[in-house]
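**Q** Coordinates only, no sequence provided:
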């Protein structure tokens with residue numbers, strides 16, 4: 001059942017962006033996907049803060065929303081049979097009756113993968129083919145058809161982390177082997193154009209920090225893509241990928257300090273290698289990326305000198321230059337998802353912003369017109 005939430009008048013903010021109210025309930029919408037102007041999805045989690053034994057405890061539960069052209073509607077995700085908390089980290093739409101959302105659930109002592117399938121009427125969980133006894137998280141999902149979808153993430157055994165990949169063949173999700181040398185690594189995102197063109201990105205341990213990691217599936221096996229060195233930039237991570245019209249882009253951040261000193265990072269990719277793009281020399285973290293024709297949009301967040309959180313966006317024009325772009329002027333805003341409406345230049349972005357409770361954010365949804 002879909003619970004309708006009437007949308008109030010959009011808020012007047014930075015020119016070009018309209019913040020569309022969704023819900024005052026605490027939470028975050030970390031991913032979005034669009035099938036058409038009248039079928040857009042957002043996924044993430046709700047937040048509930050309680051005090052247990054004099055300590056604050058925040059509980060996550062998965063949530064999804066759908067835009068039908070006039071309103072955003074809450075689409076309930078069924079709770080786990082044991083009521084355990086969980087979250088959704090990514091969403092992908094292949095058709096109106098085939099939408100995938102992935103994330104994780106917390107069990108005593110470990111986490112397990114969470115995969116939900118939308119069949120046009122309701123969400124249903126799908127077995128994820130997890131390794132027994134190993135903590136697993138799914139952070140990215142991509143779908144190219146009814147019988148072809150990929151999910152990626154991380155497995156942790158207490159000593160090391162390893163990237164993981166799962167494939168949907170139209171019947172079930174199964175594990176797919178990754179290059180064996182990828183120890184202390186993770187995959188945060190995946191994008192695909194077809195069964196023989198799938199990209200995944202994340203990070204891998206290098207020296208005293210981490211370096212970007214990019215893999216490509218050619219229909220037979222996963223191969224690591226050679227990247228230019230980011231050693232002079234410090235620890236560098238990739239958080240998002242997009243593949244469209246022959247363009248492959250990966251974005252993230254690099255820092256020689258902490259979270260308050262991060263700089264945007266962007267690669268232009270091919271199966272033969274990559275180019276490290278020159279981005280503005282300013283503070284900012286990129287969490288999502290998409291293309292509009294030959295232009296590229298990336299969004300994330302930054303902290304100002306007073307360490308106040310702000311939504312952050314970059315735009316790469318047809319001249320090949322990256323520039324800071326307007327972002328929704330929402331208090332405490334942070335952006336985690338972006339999608340382009342097919343056949344148009346309209347963009348939707350999702351994330352979180354300050355809410356009535358100073359300890360918990362509320363979902364942020366905006367569109368570019």
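**A** Cool, got the structure. Remember, it's a predicted structure, so these values are computed and weren't measured experimentally. Numbers count the residues shown, from 1 in each chain.

**Q** And the strands in the stretch 201-350 of the chain?
**A** Along the stretch 201-350 of the chain, counting by DSSP state E, counting those that start in this stretch, strands occupy 209-217, 222-224, 235-244, 247-255, 263-270, 273-276, 285-292, 295-303, 309-316, 322-324, 334-340, 347-354.

**Q** from the chain's centre, how far out does stretch 320-334 sit?
**A** Distance of stretch 320-334 from the chain centroid (C-alpha atoms, centre = their mean, to the nearest Å) equals 17 Å.

**Q** Any buried residues in it, and which?
**A** Of the residues in stretch 320-334, 322, 325, 327-330, 332-334 count as buried by neighbour count, 16 or more other C-beta atoms under 10 Å. Quick note: C-beta positions are derived from backbone N, CA and C, even for glycine.

**Q** What are the contacting residues of stretch 186-194?
**A** 90, 139-144, 148, 150-154, 161-165, 198-203, 213, 215, 217, 237-244, 248, 250 (C-beta atoms under 8 Å, 6 or more residues apart in numbering).

**Q** Tell me the buried residues in stretch 38-48?
**A** By 16+ other C-beta under 10 Å, the buried positions in stretch 38-48 come out as 39-47.

**Q** Filter those residues down to just the ones in strands.
**A** Members of those lying in strands (criterion: DSSP state E): 39-47.

**Q** What is the nearest of the residues you listed to residue 225?
**A** Nearest to residue 225, judged by C-beta to C-beta, of those is residue 43 at 27.5 Å.

**Q** so what's that closest one bridging to?
**A** On the basis of DSSP bridges, residue 43 is bridged to residue 31, residue 64.

**Q** What separation is there between it and residue 91?
**A** Note on residue 43: its distance to residue 91, by C-beta to C-beta, to the nearest Å, is 4 Å.

**Q** Touching both of the two, which residues are there?
**A** By C-beta under 8 Å, 6+ apart, residue 43 and residue 91 have these common neighbours: 31-32, 64, 101.

**Q** Including neighbour count and pLDDT, could the residues you listed go into CSV?
**A** Shown next, in CSV, are the shared contacts of residue 43 and residue 91 (neighbours: other C-beta atoms under 10 Å; pLDDT from 0 to 100):
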residue, neighbour count, pLDDT
31, 31, 98
32, 27, 98
64, 23, 98
101, 30, 98
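
**Q** Quick one: low-confidence residue ranges for the stretch 201-350 of the chain.
**A** Within the stretch 201-350 of the chain, the set of residues satisfying pLDDT under 70 is empty.

**Q** Go through the strands of the stretch 201-350 of the chain and name the closest to residue 114.
**A** Here strand 334-340 is closest among the strands of the stretch 201-350 of the chain (C-beta to C-beta), at 17.3 Å.

**Q** So what's the gap between that closest one and the chain middle?
**A** Remark: strand 334-340 is offset 8 Å from the chain centroid, using C-alpha atoms, centre = their mean.

**Q** likewise stretch 128-145?
**A** Here stretch 128-145 is found 14 Å from its chain centre; the criterion is C-alpha atoms, centre = their mean.

**Q** mind listing what's buried in it?
**A** 128-130, 135-144.

**Q** do stretch 254-261 as well
**A** By 16+ other C-beta under 10 Å, the buried positions in stretch 254-261 come out as 254-255.

**Q** swap in stretch 143-163?
**A** In stretch 143-163, counting by 16+ other C-beta under 10 Å, buried: 143-144, 148-155, 161-163.

**Q** Show me what the mean pLDDT comes to for it.
**A** Across stretch 143-163, pLDDT averages out at 93.

**Q** mind listing what residue 365 touches?
**A** By C-beta under 8 Å, 6+ apart, the contact set of residue 365 is 19-22, 29, 42, 65, 72, 348-350.
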